[in-house]
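*Asks:* how does the following fold in three dimensions:
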Amino acid sequence: MLAVIGGTGMSELAAIEIIRRKGSETPLGAASSGVLHARLDGHELLFLARHGHPHKMPPHRINYRANLWALKQAGATRVVGVNAVGGIEAALSPGTMVIPDQLIDYTHDREATFFDGRFRPLQHIDFSWPYTETLRQDLSNAAADCGETVISGGVYGATQGPRLETAAEIARMTRDGCTLVGMTGMPEAVLARELGMEYACLALVVNPAAGVTEHEISMEEIHAVLEQGVERARRVIRALLEHA
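*Replies:* Next up, the predicted model:
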């Protein structure tokens, strides 16, 4: 079953029929919100609000392990994380949707594995390609089917937050090869891998990253882009469900 993790600006899915709600408690503590088992245009899916509903939980305090565990227990086999990001590459202007194929993790002090020797025995996994290619392709095809333009490929740089980055930090990330910057891409991706779930990211560029332009980053402009972009992301999810 497909699960959607909604990020900033997407703490709920419009036009869904809720079948049941599951509580937020897990063996790893409370998830950000309960898991919604719902229908969208007749197709079943699971939905979880990454920052809670209403939006209240900062990126570094999200219980990512509980979120992914709750989805797995609810029956998720495929997970699409919807993320609001900054565009590092100049061509990635606000409103662009990207399906990245790589990431670099700059976060710290997050519970980033189930295999910590306490909850589960130590185990190493291959994470060479952090996103599931078949799900990435399905997302790309779904976007084409519903007339939405997406860029397939890119490097997501995951930062700690909740503050935005400095221009020097973005310059370093550019040298590292990052094309996008966000705060919630890790450890979400690796936790899905550890649980054997397919995972892909649908990233909505909401602002140029620090120093990319001379224009100061405005929260008002970010929210304006989010309002329009979230509905476009919903259309892609609908199309993905139709071809599941």
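
*Asks:* and the gap between the residue most central in space within the chain and residue 190?
*Replies:* The centroid of the chain falls nearest to residue 81 when counting by C-alpha atoms, centre = their mean (3.0 Å). Distance of residue 81 to residue 190, computed by C-beta to C-beta, to the nearest Å: 12 Å. (Each C-beta comes from the backbone N, C-alpha and C, glycine too.)

*Asks:* and the helix or strand where the residue nearest to the centre of the chain lies, what does it pack against?
*Replies:* Per DSSP states H and E, residue 81 falls inside strand 78-87. Contacts defined by 3 or more C-beta pairs under 8 Å, 6 or more residues apart in numbering; DSSP states H and E place strand 78-87 against strand 2-6, helix 133-145, strand 180-182, helix 188-194, strand 198-208, helix 219-242.

*Asks:* of all the helices and strands in the protein, which has the lowest average confidence?
*Replies:* For the chain, scoring each helix and strand by mean pLDDT, DSSP states H and E identifies strand 16-22 as the least confident one, at a mean of 85.

*Asks:* quick one: strands adjacent to the helix or strand that the strand holding residue 81 is followed by?
*Replies:* Per DSSP H and E, the first helix or strand lying C-terminal to strand 78-87 is strand 97-99. The pairing partners recorded for strand 97-99 under DSSP bridges are strand 150-152 (parallel), strand 198-208 (antiparallel).

*Asks:* please name whichever of those strands is nearest to residue 120.
*Replies:* Closest to residue 120 of those is strand 198-208 (C-beta to C-beta; 18.4 Å).

*Asks:* export the closest one to CSV, keeping only CA atoms.
*Replies:* Provided in CSV are the C-alpha atoms of strand 198-208 (Å, rounded to 0.1, in the frame of the first residue of the first chain):
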residue,chain,number,x,y,z
GLU,A,198,10.2,1.5,-1.2
TYR,A,199,10.9,5.2,-0.8
ALA,A,200,11.0,8.3,-3.0
CYS,A,201,10.9,12.0,-2.5
LEU,A,202,8.7,14.5,-4.3
ALA,A,203,10.4,17.8,-3.6
LEU,A,204,8.8,21.2,-4.1
VAL,A,205,11.2,24.1,-4.5
VAL,A,206,9.8,27.0,-2.4
ASN,A,207,12.7,29.4,-2.4
PRO,A,208,16.2,30.0,-3.9
